[in-house]
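J.: pasting the sequence and the predicted coordinates here, then a few questions.
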Amino acid sequence: MSPALRDKLHHRVKAARAKDALRRFEYRQRNHAGGVWFRLRRLLSQAATAWAIGEEDAQRLLGEGVRPRRAGLEIEPPIRIFPVSEERLHALAERRPLETRLSAELLTARHLALVLWPQERADDPAD
Amino acid sequence: MVVDSEVPNLLEPDALSTLVVSQDVDLAVRVDRARDVKRRLSDLEGFRPSSEEPSVWLPESAELLEVNFLGLDPNTRDTSDSYVIDDPDFPLMVFGLLSLMKPGRPVEIEGLSVPVPRVAGLLLEKLATERTGEKGDRDLLVALGLLLVAKPEDLDELDATYRGLSPDLRHTVRSNLTILAGLEGRLGMPDPGPHRVAIASLRRRLEATGGTE
């Protein structure tokens, strides 16, 4: 094996180790701002459907004691993300369906309602 | 043992190969058997070693795929470590995560027995690898293809192996599942949309057994 090829292999190992170091760093950041995207994605993965809702509906949900999930409040500008039941969703006046993925459309909404899969907890301590 | 994205293609009925994946084949060689494989390389017909890429063998006809040899160390203690076997004729990059793969039942194709890993280890390796960009997305869609063929016992095995990973690797697995749940479908690849329930179910299971830290 030529020295150039040997260097290439060692360079790749170095790159792989750097990637591992970065992964460990990001893991340490998971409970801070650096981990918010994971928590937002996780929240969306818990949802069967996602909806942009209006200001009045958001106030109504707050008034009914529905707490917005933490992950949405940690980005700027914050998004109030409410876990709701199907029944509660249908009672909301202004709702627009969104794809359940991080998208420009979803991130520009100020208030979201998520209908979670039945097995998910609305008050998830991991959020 | 064939590893990487071609495996789900081989696992399809009659190795139908409907997934559009990278145009090479990764072959994992156990590091303690590397010398035996090296000895047999001269028997390989239709391939020549690349002068630019160590451990890559190039096909001499368009009907064959490029072969990339990788090292698998079944005794590794650190699944996140990588190292080089600096052999002048048969160099290998050894990736710790490959050690998650255990030999499965070989796929028989036209009289040829093709060694493939068990679904659980391959799926876990795909999910535990940090991935970015278009290739990363496609790799996760391959993981979805594996999830869809996984049997309950495969998921039990995955769960058990997952528990033995370091916390940061477990987090990567869960993180990749959240990315997968939000991916758009691509032509020739499984669409996550109709399978978000299965993806969420696996994430919940791993959170339940391995924690959310």
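T.: It's in.
J.: what about the strands in the chain?
T.: As the question left the chain open, I've gone with chain A. For chain A, applying DSSP state E gives strands covering A:47-53, A:80-84, A:95-98, A:111-116.
J.: wrong one, I was asking about chain B
T.: B:2-3, B:24-30, B:47-49, B:56-59, B:66-72, B:82-85, B:92-95, B:107-109, B:112-114.
J.: do you know which of those strands lies nearest residue A:102?
T.: Nearest to residue A:102 among these is strand B:92-95; the distance by C-beta to C-beta comes to 29.0 Å. Where you see a C-beta, it was placed from the backbone N, CA and C, and this is true even at glycine.
J.: from the contact counts, what lies against the longest helix anywhere in chain A?
T.: Longest helix of chain A, by residue count under DSSP state H: helix A:3-28. In this structure, helix A:3-28 packs against strand B:82-85, strand B:92-95, helix B:167-181, with contacts taken as 3 or more C-beta pairs under 8 Å, 6 or more residues apart in numbering or on different chains; DSSP states H and E.
J.: which parts of that helix are buried?
T.: Residues A:5, A:8-9, A:12-13, A:16, A:20, A:23-24, A:26-27 are the ones in helix A:3-28 that count as buried (16 or more other C-beta atoms under 10 Å in any protein chain shown).
J.: what's the answer for stretch A:52-69, then?
T.: A:52-53, A:57-58, A:60-61, A:66, A:68-69.
J.: residues contacting the nearest residue to residue B:209 once chain neighbours are set aside?
T.: Leaving aside its chain neighbours, residue B:209 sits nearest to residue B:159 (5.6 Å; criterion: C-beta to C-beta, 6 or more residues apart in numbering or on different chains). With contact set as C-beta atoms under 8 Å, 6 or more residues apart in numbering or on different chains, residue B:159 has these partners: B:205-206, B:209-210.
J.: same question, residue B:62
T.: Taking C-beta under 8 Å, 6+ apart as the test, residue B:62 contacts no residue whatsoever.
J.: sorry, back to before: output the helices and strands packed on helix A:3-28 as CSV; include the columns mean neighbour count and distance to chain A.
T.: Listed next are the helices and strands packed on helix A:3-28 as CSV, based on neighbours: other C-beta atoms under 10 Å in any protein chain shown; distance: least, C-beta to the nearest C-beta, whole Å:
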stretch, mean neighbour count, distance to chain A
strand B:82-85, 19, 4
strand B:92-95, 22, 6
helix B:167-181, 22, 4
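J.: and the helix of greatest length in chain B, what does it pack onto?
T.: Looking across chain B with DSSP H, the single longest helix is helix B:133-149. In terms of contacts (3+ C-beta pairs under 8 Å, 6+ apart), helix B:133-149 is packed against helix B:6-11, helix B:119-128, helix B:167-181, helix B:196-210.
J.: now do the longest helix of chain A, average pLDDT.
T.: Mean per-residue pLDDT for helix A:3-28: 84.
J.: what's the neighbour count on residue B:86?
T.: 12 (other C-beta atoms under 10 Å in any protein chain shown).
J.: leaving out sequence neighbours, find the closest residue to it.
T.: Once flanking residues are discounted, residue B:86 sits nearest to residue A:6: 6.6 Å by C-beta to C-beta, 6+ apart.
J.: from memory the one you found sits against residue B:85, does it?
T.: No. Counting by C-beta atoms under 8 Å, residue B:85 is not a contact partner of residue A:6; they are 11.4 Å apart.
J.: adding mean pLDDT, write the strands of chain B out as a markdown table.
T.: As requested, the strands of chain B are exported to a markdown table (pLDDT from 0 to 100):
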| stretch | mean pLDDT |
| --- | --- |
| strand B:2-3 | 90 |
| strand B:24-30 | 92 |
| strand B:47-49 | 91 |
| strand B:56-59 | 92 |
| strand B:66-72 | 93 |
| strand B:82-85 | 90 |
| strand B:92-95 | 91 |
| strand B:107-109 | 87 |
| strand B:112-114 | 89 |
